[in-house]
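Enquirer: Quick one: sequence and predicted model below, then my questions.
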Amino acid sequence: RGGDGESYGTMEHRDTLFGLEIQVMRFLYVALKGLKALEYMEKDNLLAVALTALMNIPEESIAWVGAEALRKISQAPLQTHERFLLGECVRAYLPMGPEHRAEYDKLLATETFIGVKAMNKTIYEEGIEEGMERELLDFAVNVLEDRFGPMPAKILADLKSRSRQELRSMITNSFRITSLEELDFAGLK
């Protein structure tokens, strides 16, 4: 138990048919809002740290909990996508209003939290970069299919391996040619 209410326990669901009990299900639950975030900030479990955003946080600690949770996540030996998902949990659910934002921004400007800013920037830039590459690939496929019909699997695989500059060049050149054979595709010639 913790916080203002029950934070964990068991629940029960009973199904009856014609007044006869036919099934009873018992299950455990955890009510995150009932757990004390400051206690879980001390844990080594990064999922627990990320979920502190959904726990009972003292009003005066909201900015610190967000910054500290992101600091721990940024320093953990995780893959980029794992760091992104845990960080997004904190950013999405931390109950930070405008009054907490200024304190949070001040914290991130300190030496202690410098890695958080770098992590946020890196994740954002990687997401933008990945989105731009996907958009350009989709655009190239659409242009080529509009001109020459459905793309064979070999060509689609080749397009996915191309750089942005190569894709741009193919799109531009596709308006000057009359067949796919005129473009430089691996395995087509």
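Expert: Sure thing, it's come through. Numbering: from 1, shown residues only.

Enquirer: ranges for the strands of this structure?
Expert: 8-17, 20-30 (DSSP state E).

Enquirer: where does this structure dip in pLDDT?
Expert: 1-6, 117-129, 184-189 (pLDDT under 70).

Enquirer: Buried residues, stretch 28-46. List them.
Expert: For stretch 28-46, the neighbour count (16 or more other Cβ atoms under 10 Å) marks 31-32, 34-38, 40-41, 46 as buried. All C-beta atoms are positioned from the backbone trio N, CA, C, and that covers glycine.

Enquirer: want to try CSV for those residues, with distance to residue 64 as columns?
Expert: Shown next, in CSV, are the buried residues of stretch 28-46 (distance: Cβ to Cβ, whole Å):
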residue, distance to residue 64
31, 23
32, 18
34, 21
35, 17
36, 14
37, 10
38, 9
40, 14
41, 9
46, 17
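
Enquirer: mind checking which of the strands of the chain is nearest residue 91?
Expert: Comparison of the strands of the chain against residue 91 by Cβ to Cβ identifies strand 20-30 as nearest, at 21.7 Å.

Enquirer: CA atoms only: put that closest one into CSV for me.
Expert: Extracted in CSV, the C-alpha atoms of strand 20-30 (Å, rounded to 0.1, in the frame of the first residue of the first chain):
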residue,chain,number,x,y,z
LEU,A,20,-25.5,-20.7,-10.2
GLU,A,21,-21.9,-19.5,-9.9
ILE,A,22,-20.1,-20.9,-12.9
GLN,A,23,-16.8,-19.1,-12.9
VAL,A,24,-14.7,-17.0,-10.4
MET,A,25,-11.7,-15.0,-11.6
ARG,A,26,-9.3,-13.5,-9.1
PHE,A,27,-6.5,-11.3,-10.2
LEU,A,28,-3.9,-8.9,-8.8
TYR,A,29,-3.9,-5.3,-9.6
VAL,A,30,-1.5,-2.4,-9.2
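
Enquirer: Could you tell me the angle between it and strand 8-17?
Expert: With axes from the mean of the first three to the mean of the last three Cα atoms, to 10 degrees as the basis, strand 20-30 and strand 8-17 are set at 160 degrees to each other.
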